[in-house]
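Asks: Just need the structure, nothing else, for what follows:
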Amino acid sequence: MKRFDRPLIRNTVIFIILAILAFVILPVSVPIILALLVAIFVEPLVEFIQNRFKVTRKTSVIINYTVTFGLFILLFYFVITSLIARVIDWSKAFPSYLNDLGGIWINIQSRMFDMTQGLPLEVVNSIQKEVDSTLSDIQESLLAIVNYENITALATELPSLLVSFIVFLIALFLFMLDLPMLRGKFFRYFSNETADKILFMYSGIKRVIFGFMKAQILVSFIILFVSLIGLYIIIPEYALVMSIVIWIIDVIPILGSIIVLAPWAIGAFAMGNFALGTKLSILAVILLIIRRSVEPKVMGAQMGLSPLAVLIAMFIGAKLFGLAGFIVGPLVVIIFTTAKEAGIIKLDFKL
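Replies: Residues are numbered from 1 along each chain as shown. Alright, predicted model coming up:
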């Protein structure tokens with residue numbers, strides 16, 4: 001037996017170097033990596049159009065790229081213009097909201113005065129002190145959120161986000177064009193046996209990821225349908241626009257529709273419209289229950305995993321990686337399962 005296993009040492013060193021490079025490069029390569037993943041996802045559609053209509057790959061890529069980008073721009077334009085119109089409406093009504101808020105505060109003070117009549121002066125002063133302290137904390141919290149530093153930081157990030165978005169668009173188009181060539185170059189570095197295992201693993205991952213995307217689309221349409229009906233019952237004039245906004249934002253794990261409905265409900269309560277605030281709160285809870293209960297079942301059915309495995313993977317992923325863990329967790333399970341099926345990982349043992 002040799003004292004040192006040279007191939008093992010070499011492979012270990014290569015793995016460590018690649019891990020260090022990945023740790024350094026990956027955080028600044030998110031737009032490019034995202035573009036590669038999207039190109040892999042839309043590859044079946046590119047091949048379908050190319051084979052169905054007998055066109056070149058470049059033509060198929062241009063068609064897919066243009067249609068997808070055009071639909072995104074139209075949806076973005078519709079949502080932004082609608083939101084701007086609503087913000088203008090709200091800004092026009094803002095003075096009346098302030099008057100209502102002042103009246104509400106006067107009523108609260110009047111009720112507090114009636115409720116504290118007959119109480120010792122020390123108790124009244126203590127209650128007034130607690131109320132003033134609470135209002136001061138709320139004011140400080142709002143000022144901490146909406147202050148010059150945060151707005152400046154957000155403004156300084158906009159050019160960087162714009163550059164990243166442009167890089168993503170360019171990289172996506174180039175990856176869509178050159179994906180077959182890149183795939184061929186990638187497999188040159190593997191033996192036929194290893195390449196077959198990787199291809200099997202790749203096809204399994206692609207199948208499960210498409211199932212994941214299909215599950216997300218199905219759940220998102222359920223959310224859109226329920227929010228549209230709920231908002232039409234609650235506040236019809238904003239139903240269509242706000243349901244689309246909720247539908248788009250709902251892809252954010254855990255939070256989702258709460259990001260839209262919670263501030264809306266809080267604003268309604270602050271303006272004294274307790275009926276609207278209560279209805280919006282109930283709708284937010286209903287949407288959250290639907291997503292948390294339906295999502296594991298739909299994802300399990302579409303991905304070929306049990307709902308329990310998906311739920312556990314999402315929970316552990318969220319604990320380890322935060323919000324991103326809701327995607328990373330199931331993805332790790334997918335990679336492990338397909339690698340085991342391909343024979344790359346072998347766990348055939350008994351205790």
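
Asks: Please report how far Leu276 lies from Trp247.
Replies: Using C-beta to C-beta, to the nearest Å, Leu276 is found at 21 Å from Trp247. All C-beta spots, glycine's among them, are computed from the backbone N, C-alpha and C.

Asks: hang on, I meant Asp196
Replies: From Asp196 over to Trp247 (counting by C-beta to C-beta), the distance is 41 Å.

Asks: Just checking the distance from stretch 64-84 to the centre of its chain.
Replies: Mean C-alpha position of stretch 64-84 versus that of the full chain (C-alpha atoms, centre = their mean, to the nearest Å) differs by 18 Å.

Asks: need the helices for the stretch 1-150 of the chain, in chain order.
Replies: Per DSSP state H, counting those that start in this stretch, the stretch 1-150 of the chain carries helices over the ranges 6-25, 30-52, 57-115, 121-145, 148-187.

Asks: so which of those helices gets nearest Arg291?
Replies: helix 57-115 (20.5 Å; C-beta to C-beta).

Asks: Give me the average confidence score over the closest one.
Replies: What helix 57-115 shows for mean pLDDT is 75.

Asks: Check stretch 277-291 too.
Replies: Rounded mean pLDDT across stretch 277-291 is 88.

Asks: Likewise for stretch 35-50?
Replies: Mean predicted lDDT for stretch 35-50 stands at 85.

Asks: So which bits of that stretch are buried?
Replies: 35-36, 38-40, 42-43, 46, 49-50 (16 or more other C-beta atoms under 10 Å).

Asks: And stretch 120-137, by the same measure?
Replies: Buried residues in stretch 120-137, counting neighbours by 16+ other C-beta under 10 Å, are found at Val124.

Asks: how about the buried residues of stretch 35-50 in TSV, adding distance to Ala85?
Replies: Converted to TSV, those look like this (distance: C-beta to C-beta, whole Å):
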residue	distance to Ala85
Ala35	33
Leu36	38
Val38	31
Ala39	36
Ile40	38
Val42	33
Glu43	39
Val46	37
Ile49	37
Gln50	41
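
Asks: Pick the one among those closest to Trp264.
Replies: For the buried residues of stretch 35-50, the nearest to Trp264 is Val38 (31.8 Å; C-beta to C-beta).

Asks: correct me, but the closest one touches Ala171?
Replies: No. Counting by C-beta atoms under 8 Å, Val38 stays clear of Ala171, with 9.3 Å between them.

Asks: Which one's more surrounded, Asp196 and Trp247?
Replies: More crowded of Asp196 and Trp247, by other C-beta atoms under 10 Å: Trp247, with 20 against 14.

Asks: dump the residue contacts of the more buried one.
Replies: Contact analysis of Trp247 by C-beta atoms under 8 Å, 6 or more residues apart in numbering lists 220, 223-224, 227.

Asks: What does Phe53 show for phi and psi?
Replies: Backbone torsions of Phe53, given as degrees, to the nearest 10, read phi -110, psi 10.

Asks: Could you find the closest non-adjacent residue to it?
Replies: Leaving aside its sequence neighbours, Phe53 sits nearest to Ser60 (C-beta to C-beta, 6 or more residues apart in numbering; 7.8 Å).
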